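In: Got a sequence here, can you model it:
(4 chains)
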There are 2 protein chains.
Amino acid sequence: MKLREAARRAGVSHNAPYRHFPDRDALLAALAAEGFRMLGEELDGRSGGDMGEAYVRFALAHPNRFRLMFGGQLELRKHAGLREAAGRTYEALLAAFRARRDVANPERAAAAAWSLVHGLAQLMLDGHFSEGAKRPDFVREVIGAVRFAAAQRSA
Amino acid sequence: MKLREAARRAGVSHNAPYRHFPDRDALLAALAAEGFRMLGEELDGRSGGDMGEAYVRFALAHPNRFRLMFGGQLELRKHAGLREAAGRTYEALLAAFRARRDVANPERAAAAAWSLVHGLAQLMLDGHFSEGAKRPDFVREVIGAVRFAAAQRSA
DNA sequence: GTGATATGTTGACAGTGTCTACATCTCGTC
DNA sequence: GACGAGATGTAGACACTGTCAACATATCAC
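Out: Sure, this is the predicted structure:
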């Protein structure tokens, strides 16, 4: 998280990063954007619970990256590329839900699904769920515990 | 987020806070703990979707507090009081689900419900859901889009 | 009144992000 | 091949930060 320390560890002077990024925030934004690309690759080709599990797996495998992407210290609205990268991920999820015929409202279901896996990832990263999260199938179980409001029935 | 700035704004010297907290992290931990207490009060007496809405409402009303509580920069495991405060909130949610007879597995359902509302709050705070989140009932709709696996039916 | 404790202040230290100025290295053009 | 331009690197300085040590004052029990 510290610019000078990173430069030191990379074996360059404390000012070298400024030749590649205008400031510290821009560097972090680039790392976050790369993170969104990585996440997109993990999710690509999956759907349903599988996709949700991949989302949480990514967060647990790259906790600092994930926190950087979603930690809120990046002022997402200031970095257009970031917002676009995140939006693309959401679009893929939305498309997956639109392809299903058994869900009443794909937009709401997609928002709920993203919220579910995102919250699960965040809470696990933060160390809540300490007891249950040790079970190897915890993520699958939690994701499997929800259904989305079915089509042809009132919401 | 800056100690000296906060001291300045409070009209005291930059070292006054050290008479009350051993270091910056301890001050933040105290603020987070107070946040958990506030959140607990908001959730108290509610259940179901109502509780979920109150959770998200709290996050949107106190974005910085919420991010402090769940941002992960606090090393939750280092502050026993914090972990306990968060655990108490979860216990209340768990109790609410245990009281329901129509849910197959209260533990999983509670974990899923917390994940759902937590992720929803976090994503809204970060500015995703930009289009849909403007609808006044967005939170209720998203929460209403999920069902929990029913009792007496295979998961 | 006296001593202890709580609370506040000033001054210093190392470390940080950022700016400016200076150096070098790499090429396309003549 | 020489040269000027741009990319990339470095050193030094600045204001700022969290933290520590030393010193001051206010409160209160005895």
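In: Now for chain A, the helix or strand with the poorest mean pLDDT.
Out: Lowest by mean pLDDT, DSSP states H and E among the helices and strands of chain A is helix A:80-98, with a mean of 89.
In: three-state assignment of the closest residue to A:Arg147 other than its chain neighbours?
Out: Using C-beta to C-beta, 6 or more residues apart in numbering or on different chains and skipping the chain neighbours, the partner closest in space to A:Arg147 is B:Arg147 (4.2 Å). Just so you know, the C-beta spots here come from the backbone N, C-alpha and C atoms, and that holds for glycine as well. Following DSSP: H, G, I helix; E, B strand; the rest coil, B:Arg147 is assigned to strand.
In: Show me which residues of chain A sit near DNA strand C.
Out: Residues of chain A lying close to DNA strand C by C-beta under 7 Å from any atom of the strand are A:1-5, A:14-15, A:18, A:22-25.
In: Let's see if you can find the most crowded of those residues.
Out: The most crowded member of the residues of chain A next to DNA strand C, judged by other C-beta atoms under 10 Å in any protein chain shown, is A:Leu3 (17 neighbours).
In: From A:Ser13, how far off is that one?
Out: 12 Å (C-beta to C-beta, to the nearest Å).
In: Per-residue pLDDT of A:Leu74, please?
Out: With respect to pLDDT, A:Leu74 scores 82.
In: swap in A:Gln152?
Out: Model confidence at A:Gln152, given as pLDDT, is 60.
In: my guess is A:Arg101 meets A:Ala150, correct?
Out: No: applying C-beta atoms under 8 Å, one finds A:Arg101 not in contact with A:Ala150, separated by 10.2 Å.
In: who has more neighbours, these two?
Out: Between A:Arg101 and A:Ala150, A:Ala150 has the larger neighbour count (other C-beta under 10 Å), namely 11 against 6.
In: Tell me which other helices or strands whichever strand or helix holds A:Phe58 touches.
Out: Assigned by DSSP states H and E, A:Phe58 falls within helix A:48-61. Applying 3 or more C-beta pairs under 8 Å, 6 or more residues apart in numbering or on different chains; DSSP states H and E, we find helix A:48-61 packed against helix A:24-43, helix A:80-98, helix A:106-125, helix A:138-144.
In: check contacts around the residue in chain A that chain B sits nearest to.
Out: Going by C-beta to the nearest C-beta, chain B is nearest to A:Gly119 of chain A, at 2.8 Å. Taking C-beta atoms under 8 Å, 6 or more residues apart in numbering or on different chains as the criterion, A:Gly119 is in contact with B:114-122.
In: and of those residues, the nearest to A:Arg83?
Out: B:Gln122 (15.7 Å; C-beta to C-beta).
In: Distance of that closest one relative to B:Val103?
Out: For B:Gln122, the distance to B:Val103 (C-beta to C-beta) stands at 24 Å.
In: one step back: relative to helix B:106-125, how tilted is the least confident helix or strand of chain A?
Out: 140 degrees (axes from the mean of the first three to the mean of the last three C-alpha atoms, to 10 degrees).
In: Send over helix A:80-98 as PDB, restricted to the C-alpha atoms.
Out: This file holds the C-alpha atoms of helix A:80-98, laid out as PDB (Å, rounded to 0.1, in the frame of the first residue of the first chain):
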ATOM      1  CA  ALA A  80     -13.600   5.700 -15.900                       C
ATOM      2  CA  GLY A  81     -11.700   2.600 -16.900                       C
ATOM      3  CA  LEU A  82     -12.300   1.000 -13.600                       C
ATOM      4  CA  ARG A  83     -16.000   1.600 -13.700                       C
ATOM      5  CA  GLU A  84     -16.200   0.200 -17.200                       C
ATOM      6  CA  ALA A  85     -14.300  -2.900 -16.200                       C
ATOM      7  CA  ALA A  86     -16.600  -3.500 -13.200                       C
ATOM      8  CA  GLY A  87     -19.600  -2.900 -15.400                       C
ATOM      9  CA  ARG A  88     -18.500  -5.500 -17.900                       C
ATOM     10  CA  THR A  89     -18.300  -8.100 -15.200                       C
ATOM     11  CA  TYR A  90     -21.800  -7.200 -14.200                       C
ATOM     12  CA  GLU A  91     -23.100  -7.400 -17.700                       C
ATOM     13  CA  ALA A  92     -21.800 -11.000 -18.000                       C
ATOM     14  CA  LEU A  93     -23.800 -11.900 -14.900                       C
ATOM     15  CA  LEU A  94     -26.800 -10.200 -16.200                       C
ATOM     16  CA  ALA A  95     -26.600 -12.000 -19.500                       C
ATOM     17  CA  ALA A  96     -26.400 -15.300 -17.600                       C
ATOM     18  CA  PHE A  97     -29.600 -14.600 -15.800                       C
ATOM     19  CA  ARG A  98     -31.400 -13.300 -18.900                       C
END
